[in-house]
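> Sequence and predicted model, in that order:
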Amino acid sequence: MDNAQIAEVLSEIAVLLEIKGENPFKGRSYERAAEAVANLAQGADQVRAEKGGLQALPGVGKSIAKKIEELLDTGKCSYHQELLAEIPATVLDMLRLPGLGPKKVKMLTEREGIFTVEQLEKAARAGRLRHLPGMGEKTEQDILRGIAHMREYSKRTDLGLAWEMAESIMVQLRQGAPVEEMAAAGSLRRMKETIGDIDILVTSDDPEAVMERFVGLDLAREVVARGPTKSTIVTAAGIQADIRVMPPESFGAALQYFTGSKQHNVTLRDFAVRKKIKLNEYGVFRVEGDEDARLGGRTEEEMYAALGLPLIPPELREDLGEIEAAREGRLPDLVEAGDIAGDLHVHSDWSDGHDTIEEMARAAKDAGYRYVAITDHSRSQTVANGLTVERLRERRKEIEAARKAVSGIALLEGAEVDIKRDGSLDYPDEVLAELDFVVASVHSGWKTDREAMTARIITAMENPWVDCIGHPTGRLIGQREPYEVDLEAVFTAAARLGVAMEISSDPSRLDLKDIHGRRAKELGVKLIVATDAHRAGSLSLIRFGVGMARRGWLEAGDVLNALPLAKLRKRLRRAGAGRSGAKDE
DNA sequence: GCCGTTTTCGGCCCGACTGTTTTCAGTCG
């Protein structure tokens, strides 16, 4: 049973306990444990074996550790089963509807015998809910709208789409309303791989005008709520967007508060309480009798400074040790977009890219890069117009022409080479040796079992001309699960062999993801942040890969393509292969 | 159920909004 499945069970237990009306802190404990497991880079079984038990995890005590062990050993948890015998799993779907929490759901099951979303929909349509305590006609309408929305957009939005939407909203707000400071908060600011909704914070001396403009935006398909300082819309793409207008002296406090994550804020407040300090969205205060003394709130720095902490970058705010690190002065100096010196994974129209080599080179130069590697597909990728050895060598002439045409940027001759089922590569070694840079990727045989896939990738890495493994888990967010692979073994081999791991910046990939990047670093692996761009305009996607790298606590020194070209060349795997002509041990 | 630079017992983040009420519970972020 993998971490995601374990976390799912723990999280369900938490919700079931809430519906049962148990001690709310008990439910929270399960929720916290679920997050701890979900955020592990290693398998829970490995943690059990290596760290002397699961209680090593934060928020996991004796009781929850036993339940996780039961899940690992039997694939089931008897406590979970018992709870589900009392409360059917279909009830949990109702809880996902906005406006319905554990209390109301409990009442619906007990008083009306409603156990499914379908039954709930029927009851709402028939007007049978309005007589219940705390409910009315409006509640019925909200429930029906919520059900319709849930059916249409069950998934979270990918980071790229949400980013575009937020930019668009902010540009239009600036044009049509007296906006002073403005920022997107929430999971978007933390660069999470998927986004639930967009949170925008604004300061203005005319909040009413800002609200008016916001709910009147062309892309607002529905106005969910409209208040004097807070409103919510659903945009044309089905993404919910919230706006809040704050007084300037509270902007930093609100930004901190609404950036989250929820768990980061809970832990931060807990830390604050011990210091007799209170945080809320209006500021930070010293608790003194009846009158609290205000310590700040205009900037986020003031919020953290009042606790004696340096500013914690948004991407780290997941309650994964960042508060402790801040306290001890060991926050990482995170890699920034400006550190990236070149893109090492882009395609041209020689394979399945849209633009010519020269166009890609110019775009890379305009992006401020000092080098770019053209990595077209290898011959097995016939659907992607992969290059035969002959065409690969022919392409060299065009690369040389582009080098002459575009000055001020180094053009590396590269390839994205398929890793075949047996772990061999799609070009012979002597061809690979002619290139400046090789990224090796799995593009076929997804269903291979874990052991075989792990061996396949490690075999590929043993080829001395492989510099980097591309999108190492093969996932497509919301579309395709990652293939089964033992990343721990892959990273260990990569560290030993000196092969880099890619962090693909494409919002549909983001592969490696945050926690895996962090684990790779811990095991001594270097990363390459690249876009896999298939057109010039996609070079800007690098911001998402950098976001993922930052979420993985990576510094510029962990990222090979933050190096200037001469140093990069020395650090690439092939530098060693070229000298010794032999494989590493 | 978890946890301890106030604690092995007694706490566990905090405020706004909504819809329903007529002083507030539930939900949300």
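Everything's here; your move. All values reported here derive from a predicted model rather than from experimental measurement. Numbering: from 1, shown residues only, chains lettered A, B, ... in the order given.
> Could you use CA atoms for every contact and neighbour count after this?
Noted.
> Helices of the stretch 251-400 of chain A, start to end?
A:251-259, A:262-274, A:300-305, A:322-327, A:357-366, A:389-405 (DSSP state H, counting those that start in this stretch).
> whoops, I mixed them up, the stretch 451-585 of chain A
With DSSP H, counting those that start in this stretch as the definition, the stretch 451-585 of chain A shows helices at residue ranges A:487-497, A:514-522, A:542-551, A:565-571, A:573-580.
> Using PDB, list the CA coordinates for the shortest one.
Right, helix A:565-571. The C-alpha trace of helix A:565-571 is given here as PDB (Å, rounded to 0.1, in the frame of the first residue of the first chain):
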ATOM      1  CA  LEU A 565      28.500  27.000 -19.500                       C
ATOM      2  CA  ALA A 566      32.200  26.200 -18.800                       C
ATOM      3  CA  LYS A 567      31.400  24.900 -15.400                       C
ATOM      4  CA  LEU A 568      28.300  23.100 -16.500                       C
ATOM      5  CA  ARG A 569      30.400  21.200 -19.100                       C
ATOM      6  CA  LYS A 570      32.900  20.100 -16.500                       C
ATOM      7  CA  ARG A 571      30.100  18.800 -14.200                       C
END
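> what's next to it, contact-wise?
A:370-371, A:560-561, A:575 (Cα atoms under 8 Å, 6 or more residues apart in numbering).
> switch to 7 Å and redo it
By Cα atoms under 7 Å, 6 or more residues apart in numbering, the residues outside helix A:565-571 that reach it are A:371, A:560-561, A:575.
> Break chain A into its domains for me.
Structurally, chain A divides into domains by automatic domain parsing as follows: A:3-152, A:157-246, A:251-327, A:337-579.
> among these, which is the most enclosed?
When you average the neighbours per residue for each of the domains of chain A (mean count of other Cα atoms under 10 Å), domain A:337-579 leads with a mean of 21.
> related to what we said a few turns ago, next, format the contacts of helix A:565-571 as a markdown table and append pLDDT and distance to DNA strand B.
Written out in a markdown table, the entries for the contacts of helix A:565-571 read as follows (pLDDT from 0 to 100; distance: Cα to the nearest atom of the strand, whole Å):
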| residue | pLDDT | distance to DNA strand B |
| --- | --- | --- |
| A:371 | 98 | 41 |
| A:560 | 98 | 36 |
| A:561 | 97 | 36 |
| A:575 | 81 | 46 |
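> So which of these is the closest to residue A:329?
Minimum distance to residue A:329 across those is 25.4 Å, recorded for residue A:560 (Cα to Cα).
> show me the contacts for the closest residue to the closest one other than its chain neighbours.
The shortest distance from residue A:560 to any residue other than its chain neighbours is 5.6 Å, reached at residue A:528 (Cα to Cα, 6 or more residues apart in numbering). If you count contacts by Cα under 7 Å, 6+ apart, residue A:528 has them with A:500-503, A:559-561.
> ok, residue A:528 to residue A:28 distance?
Computed with Cα to Cα, to the nearest Å, the distance linking residue A:528 and residue A:28 is 38 Å.
> quick one on the thing from earlier: return the subset of the contacts of helix A:565-571 lying in strands.
Counted as lying in strands by DSSP state E, out of the contacts of helix A:565-571, are residue A:371.
> residues contacting residue A:306?
Residue A:306 is in contact with residue A:295, counting by Cα under 7 Å, 6+ apart.
> Per-residue pLDDT of it, please?
Looking at residue A:306, its pLDDT reads 91.
> I'd like the distance between it and residue A:342.
Separation of residue A:306 from residue A:342 (Cα to Cα): 39 Å.
> quick one on the thing from earlier: who's the residue nearest to residue A:560 bridged to?
In this structure, residue A:528 bridges to residue A:502 when assessed by DSSP bridges.
> Please tell me how far it sits from DNA strand B.
Taking Cα to the nearest atom of the strand, to the nearest Å as the measure, residue A:528 and DNA strand B are separated by 33 Å.
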